[in-house]
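> What follows is a protein structure lacking sequence information:
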């Protein structure tokens with residue numbers, strides 16, 4: 001059992017923090033109990049802390065402040081604890097993203113978990129993966145003004161600067177003192193509490209770009225295809241697997257176009273990469289499942 005007071009800035013789950021804080025408190029005072037904590041927090045329910053820790057009760061703004069006072073959190077710690085509670089209780093992706101960005105911008109959080117905010121930013125900002133791919137194109141210049149003018153739709157110089165900073169922190173794009181650019185793969189470090197939200201933001205951003213492409217590019221530069229079909233509900237998984245297999249084939253084909261040698265199906269291509277493209281494939285319901293009895 002830890003004898004060190006938990007650091008709130010190392011957490012993204014307020015329930016996990018509360019559980020660890022209670023265990024820490026009990027290690028220094030074996031007589032400390034949930035009932036004692038309730039008295040300190042001036043709460044009627046002696047088991048409120050336990051229920052919140054187990055996910056069976058939620059904190060309100062009032063009980064959040066009461067818990068912070070009972071734990072004797074500093075003002076900055078209280079603000080961070082409040083953000084964690086809000087992150088857990090928020091209902092929309094937009095709201096959760098805004099809250100996590102405030103969390104990730106907290107200096108003490110960045111000191112405790114320096115790379116995780118950038119991992120989230122990479123997925124949540126559509127233009128950052130685009131800049132990462134652009135960095136592999138011959139002639140790339142690690143200049144925010146140059147980058148901003150070449151991303152479509154155009155981004156701001158500030159966004160291009162942010163993209164370079166995130167990619168550098170993640171080790172994906174490094175710029176040497178002489179201007180040489182090194183592009184490499186890296187494992188994204190994204191907190192599990194928000195990984196689903198980050199992926200959601202990525203797809204939402206790219207879907208918005210597909211709408212831009214309808215008017216933003218000529219027909220020869222883009223492809224828009226769609227079909228509407230009826231299928232048995234239990235075979236949706238089979239269709240998803242078919243889409244996944246197509247995506248794998250697409251990636252293999254794209255990689256063979258820029259590799260030094262091809263295979264029997266993909267001949268060698270001498271042309272270097274010149275543009276960054278995005279391929280979106282969507283499969284989603286347009287109706288609820290209709291029971292067989294309804295059709296009889």
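Now that the structure is in, tell me what you want to look at. What you are looking at is a predicted structure, and each value in this text was computed from that prediction instead of being measured.
> From the centroid of the chain, which residue is nearest?
residue 198 (2.0 Å; CA atoms, centre = their mean).
> State the next helix or strand along the chain beyond the helix or strand hosting it.
Following DSSP states H and E, the helix or strand that holds residue 198 is helix 195-216. Following helix 195-216 in sequence order, the next helix or strand is helix 236-258 (DSSP H and E).
> one step back: buried sites along the helix holding residue 198?
Residues of helix 195-216 classed as buried: 197, 198, 200, 201, 202, 205, 209, 213 (neighbour count, 16 or more other CB atoms under 10 Å). Just so you know, the C-beta spots here come from the backbone N, C-alpha and C atoms, and that holds for glycine as well.
> re earlier: confidence score at the residue nearest to the centre of the chain?
Per-residue pLDDT puts residue 198 at 93.
> can you check residue 257 too?
For residue 257, pLDDT reads 86.
> Then the one 10 residues further on?
In the predicted model, residue 267 carries a pLDDT score of 53.
> Can you give me the first-to-last residue distance of stretch 160-176?
Using CA to CA, to the nearest Å, one end of stretch 160-176 lies 18 Å from the other.
> ugh, typo on my part, it should be stretch 225-237
Terminal-residue distance, stretch 225-237 (CA to CA): 21 Å.
> Repeat that for stretch 142-158.
With CA to CA applied, stretch 142-158 spans 13 Å between its terminal residues.
> got the contact list for the helix holding residue 198?
93, 96-97, 100, 119-120, 123-126, 129, 152-153, 190, 222, 224, 278, 280, 282 (CB atoms under 8 Å, 6 or more residues apart in numbering).
> Quick check: ChimeraX command selecting the buried ones in those residues.
Listed next is the ChimeraX selection for buried residues among the contacts of helix 195-216, using 16+ other CB under 10 Å:
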select :96,97,100,119,120,123,124,125,126,129,152,190
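> Which ones among the contacts of helix 195-216 map onto helices?
93, 96, 97, 100, 119, 120, 123, 124, 129 (DSSP state H).
> Now do the buried residues in stretch 95-114.
96, 97, 99, 100, 103, 104, 106, 109, 110, 113.
> Quick check: of those residues, which lies closest to residue 180?
residue 110 (28.0 Å; CB to CB).
> residues in contact with the closest one?
Residue 110 neighbours (CB under 8 Å, 6+ apart): 104, 117.
> repeat for residue 28
Residue 28 neighbours (CB under 8 Å, 6+ apart): residue 3.
> per-domain residue ranges of this protein.
8-113, 115-224, 225-296 (automatic domain parsing).
> okay, how far is it across stretch 160-177, tip to tip?
Span of stretch 160-177 from end to end, CA to CA: 19 Å.
> roughly how far out does it sit from the chain middle?
18 Å (CA atoms, centre = their mean, to the nearest Å).
> Also stretch 152-166?
Centroid separation between stretch 152-166 and its chain, computed with CA atoms, centre = their mean, is 18 Å.
> residue contacts, the residue nearest to residue 131 when sequence neighbours are not counted?
Distance criterion CB to CB, 6 or more residues apart in numbering; nearest residue to residue 131, sequence neighbours excluded, is residue 163 at 4.1 Å. Contacts here follow CB under 8 Å, 6+ apart; on that basis residue 163 touches 125, 127, 128, 131, 132, 147, 155.
> at 10 Å what do you get?
Going by CB atoms under 10 Å, 6 or more residues apart in numbering, residue 163 touches 121-122, 125, 127-132, 134-135, 144, 147-148, 151, 155, 173.
> Am I right that it falls within a strand?
No: with DSSP: H, G, I helix; E, B strand; the rest coil as the criterion, residue 163 is helix rather than part of a strand.
> tell me the pLDDT at it?
Residue 163 is given a pLDDT of 96.
> quick one: contacts for the nearest residue to residue 99 once chain neighbours are set aside?
Of all residues not flanking residue 99 in the chain, residue 87 sits nearest, at 4.8 Å (CB to CB, 6+ apart). Neighbouring residues of residue 87 by CB under 10 Å, 6+ apart: 12-14, 95-100, 102-103, 193-194, 197.
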